[in-house]
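Participant: give me the fold of what follows.
(one chain, ligands or ions: 2)
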Amino acid sequence: MIAGASLAILAACGQAKTETNQTPEAPAETEAFASVHTARIKDASGGDEWLTYGGTYDEQRHSTLTQVSKETVGDLGVAWTYDLATNRGVESTPIVVDGVMYVTSAWSIVYALDAQTGEELWVYDPEVDKSVGVNACCDVVNRGVAVYDGKIYVGVIDGRLEALDAKTGERVWSTVTVDQSKPYTITGAPRVANGKVLIGNGGAELGVRGYLSAYDAETGDQVWRFYTVPNPEKQPDGEASDSAFEQVGNVTWGDDGAWVTDGGGGTVWDSIVYDDVNDQIIFGVGNGSPWNRTYRDPSGGDNLFLSSIVAVDAATGEYKWHFQTTPGDNWDYTATQSIILADLPVGEDGETRRVAMQAPKNGFFYVIDAETGEFISGDAYVPVNWATGLDENGRPVEIADARYGDTPYLQTPGPLGGHNWHPMAFDPDLNLAYIPAQEIPQAYARDSRFESDPVGWNTGADFSAGVPPIAPPEVAKMLRATLKGRLIAWDPVARAPRWTVEHENAWNGGVLSTAGGLVFQGKLTGEFAAYDAATGDKLWSHDLKAGGASGPGTYMIDGEQYVTITTGWGSAFALAAGFGYDEAVPSTVGKVVTFKLGGTAEIADPDFPMIDKTPKGEAFGDETMIAEGSIHYARNCAVCHGPLAVSSGVLPDLRWSAITGNQDAFKGVVIDGTLAANGMVSFADELTPEEVETVRAYILAQAYAAQPAETQPAEE
Ligand SMILES: O=C(O)c1cc(C(=O)O)c2c(n1)C(=O)C(=O)c1cc(C(=O)O)[nH]c1-2
Ligand SMILES: [Ca+2]
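Facilitator: Residues are numbered from 1 along each chain as shown. Ligands and ions are numbered 1, 2, ... in the order given. Purely as a prediction, here's the structure:
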């Protein structure tokens, strides 16, 4: 299961700009700069810079730089490091332009660094009210900025989109892109194309209605918006998506169900690609709200455009085509994962077609026609037990049990997906897609108590299903053994892996491909490795001394090639799967770590906070009380503090907390919201004081079950 908790706590709706279809004339000078810039983004694979989240418009994350190569990579060492002042998740891909690196960290803070030396040029902090942290399903992460025409664009976790002066870091404009009274967040990197900044949002675990918007890069005025699910009243929105729902949408949704209150989901929280050949934006749409379709839409429709890849006209946002990977999503099977555009010999008689590729959460690798959305092929890239395969139109052939009822169905992929946000790469010379893949199964069952809550997740799935009320460390160990990670070099023409590297754990890093014949990937346990792109042989590795989950990048300045990655420990898996790592990846301050040939700098040892692993209160409660507590814990607490009450250290491990040991203090936090400023808001609307006591009994029972042997009182 994944991480987070929720509350729509912000009152003001903000000054969201709503003008549509305004494209002010750009001054001639801007046009010139923009077109130079556009050309660089377009062919940056031949360039020395890293200009957009995925490297180029096509987002292949493939660089033509060759100084660091199979022959020289052994000489790669650390050039410089820079501390990002956070122990929360770091997912940013650095952008490098004109010798400056722009990188983000948790809470949407932006850093400008000298890309050659790591020297800090400026820092911009959007000063987010930390209580919005509860709206972030999967940690207060940020995947990076966009650059265009002398400005830096960042999506802020509270729903703002902001433009900064690239030279000074001063704010040029700020636009609220969401209704801040709802649990929307922004974690994804904006993209810029033809003078428009594109940004989506997140929140589908909690209950929102997803959309993608385009803003004028110069002024911040909204140009168009495309809702991914119909208006809850099935009325026109007066936005670009209206015509799409006239054409295809409304019939796929019933007239009632929780989507009317929870917004239906379909958040565009990660992939957005500009297809310059077809002048369109192709973007990935997320899961339904709630996950469980029985509650979301009892009529059982496909629910367009959930879990779909959608293409719209870049200038107007008008619908062009869609391909739905998971009709009637039921499992958090987002199709927001990396979308890569490429020319592949997959036409009849092997002629070249321009395609979009994606390895979404649902476990199938898709190749679709970029111009029309036509399904070309789809094949399982990880073990899949919710469908037997795809039919000739790419529609999954479902296994009936996967539409879970009260009996848990142990499914793979689970909600963290066969592949999550960790960026995929593509080598256009070898025609190989490099997938950071994983196996993280999940027992899905219906949440029989489901009703839509203002705080907490609204999935309609029961996270306590199949989990024993008291889980000693052996259970955690057993669960840990089911987690797997691998780097797959997927051949989209042969529709099979060409090679695979098995990792010892799940949730490893994004991938960089280079014409030096290399593939770079970090692991969450800290290894950063370079593999032979053709064979998967490991040629080099370096200990990052922190998790390496984000997408690495590369660039060249003054004749030297740099390879860079941001590190840290956090994100969905850290919050949600502490049992899967426990102490393997201690929480530490995130860094930018940049390498070059002959680099001799050191990565400082992280400071591990010493945690006193003893329960701070007496155990209490009978079996029934503890079992009840385990259900409330699973419903309300697990997504941030970890299933089985095992946290990964990013957020407090409640088993060892003094607050858990004290009835009044615990009630103060959970009911009265005494730690709201840290993001731990009141759960008074979801839990009674008596229920809170059952949760405390459960956590203490877990603490005593897990207490390390050496701290147990010696036997008489
Ligand atoms: O449905 C959504 O709106 C939404 C948003 C996000 C996000 O914005 O980070 C994630 C997810 N879903 C999600 O399902 C998921 O697995 C996930 C992992 C992460 C992460 O950053 O580690 N974010 C998200
Ligand atoms: Ca989701």
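Participant: packing partners for the longest helix belonging to the chain?
Facilitator: The residue-count maximum for a helix in the chain (DSSP state H) belongs to helix 689-706. Packing partners of helix 689-706 (3 or more CB pairs under 8 Å, 6 or more residues apart in numbering; DSSP states H and E): helix 473-481, helix 623-636, helix 658-661, helix 663-670. (C-beta placed from N, C-alpha, C; glycine too.)
Participant: now with 7 Å, please.
Facilitator: Judged by 3 or more CB pairs under 7 Å, 6 or more residues apart in numbering; DSSP states H and E, helix 689-706 is in contact with helix 623-636, helix 658-661, helix 663-670.
Participant: for the residue positioned nearest the centre of the chain, which residues are in contact?
Facilitator: Nearest to the geometric centre of the chain sits Trp421, at 4.2 Å (CA atoms, centre = their mean). For Trp421, the contact set (CB atoms under 7 Å, 6 or more residues apart in numbering) comprises 91, 143, 270, 337.
Participant: measure the second one to Ser550 for me?
Facilitator: Same thing as Arg143. Look at Arg143 and Ser550: by CB to CB, to the nearest Å, they are 8 Å apart.
Participant: got the residue ranges for the helices in the stretch 1-150 of the chain?
Facilitator: For the stretch 1-150 of the chain, the helices defined by DSSP state H, counting those that start in this stretch cover 28-42.
Participant: to clarify, my last question referred to the chain.
Facilitator: In the chain, helices defined by DSSP H lie at 28-42, 242-244, 259-262, 293-296, 473-481, 571-576, 578-581, 623-636, 638-641, 658-661, 663-670, 689-706, listed in chain order.
Participant: now the last one: average pLDDT?
Facilitator: Confidence for helix 689-706, expressed as mean pLDDT, is 94.
Participant: same question, stretch 587-600
Facilitator: On average, stretch 587-600 scores 94.
Participant: and ligand 1, is that stretch touching that?
Facilitator: No - using CB under 6 Å from any ligand atom, we find that stretch 587-600 stays clear of ligand 1, coming within 13.5 Å at best.
Participant: find the nearest non-adjacent residue to the residue in the stretch 401-550 of the chain positioned nearest to ligand 2, please.
Facilitator: Nearest residue of the stretch 401-550 of the chain to ligand 2: Pro415, at 7.2 Å (CB to the ion). Spatial nearest neighbour of Pro415, excluding adjacent residues (CB to CB, 6 or more residues apart in numbering): Asp332 at 3.7 Å.
Participant: contact partners for that neighbour?
Facilitator: Contacts of Asp332 (CB under 7 Å, 6+ apart): 287, 291, 361, 415.
Participant: at 8 Å what do you get?
Facilitator: 2, 205, 287, 291, 361, 415, 417, 459 (CB atoms under 8 Å, 6 or more residues apart in numbering).
Participant: turn the helices of the chain into JSON lines, including mean neighbour count and distance to Phe283.
Facilitator: Compiled in JSON lines, the helices of the chain are given as follows (neighbours: other CB atoms under 10 Å; distance: least, CB to CB, whole Å):
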{"stretch": "helix 28-42", "mean neighbour count": "15", "distance to Phe283": "17"}
{"stretch": "helix 242-244", "mean neighbour count": "19", "distance to Phe283": "13"}
{"stretch": "helix 259-262", "mean neighbour count": "21", "distance to Phe283": "20"}
{"stretch": "helix 293-296", "mean neighbour count": "24", "distance to Phe283": "21"}
{"stretch": "helix 473-481", "mean neighbour count": "14", "distance to Phe283": "34"}
{"stretch": "helix 571-576", "mean neighbour count": "28", "distance to Phe283": "20"}
{"stretch": "helix 578-581", "mean neighbour count": "24", "distance to Phe283": "30"}
{"stretch": "helix 623-636", "mean neighbour count": "21", "distance to Phe283": "32"}
{"stretch": "helix 638-641", "mean neighbour count": "27", "distance to Phe283": "26"}
{"stretch": "helix 658-661", "mean neighbour count": "18", "distance to Phe283": "42"}
{"stretch": "helix 663-670", "mean neighbour count": "18", "distance to Phe283": "38"}
{"stretch": "helix 689-706", "mean neighbour count": "21", "distance to Phe283": "39"}
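Participant: follow-up on the earlier one: the helices and strands packed on helix 689-706: which one's closest to ligand 2?
Facilitator: helix 623-636 (17.1 Å).
Participant: mind listing residues that contact the longest helix of the chain?
Facilitator: For helix 689-706, the external contacting residues (CB under 8 Å, 6+ apart) are 469-473, 476, 615, 617-621, 625-626, 628-630, 632-633, 636-637, 644-646, 654-656, 660-661, 663, 666-667, 670-671, 683, 687.
Participant: what residues does the chain put near ligand 1?
Facilitator: By CB under 6 Å from any ligand atom, the residues of the chain that approach ligand 1 are 2, 91, 137-138, 141, 185, 187, 202-205, 267, 269, 286-287, 332, 334, 416, 420-421, 571-572.
Participant: swap the cut-off to 5 Å and go again
Facilitator: Contacts of the chain with ligand 1, taken as CB under 5 Å from any ligand atom, map to 2, 138, 141, 187, 202-204, 267, 269, 286, 571-572.
Participant: circling back to that earlier point, reformat the helices of the chain as a markdown table; add distance to Tyr381.
Facilitator: Converted to a markdown table, the helices of the chain look like this (distance: least, CB to CB, whole Å):
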| stretch | distance to Tyr381 |
| --- | --- |
| helix 28-42 | 29 |
| helix 242-244 | 29 |
| helix 259-262 | 30 |
| helix 293-296 | 24 |
| helix 473-481 | 22 |
| helix 571-576 | 19 |
| helix 578-581 | 21 |
| helix 623-636 | 30 |
| helix 638-641 | 27 |
| helix 658-661 | 41 |
| helix 663-670 | 41 |
| helix 689-706 | 35 |
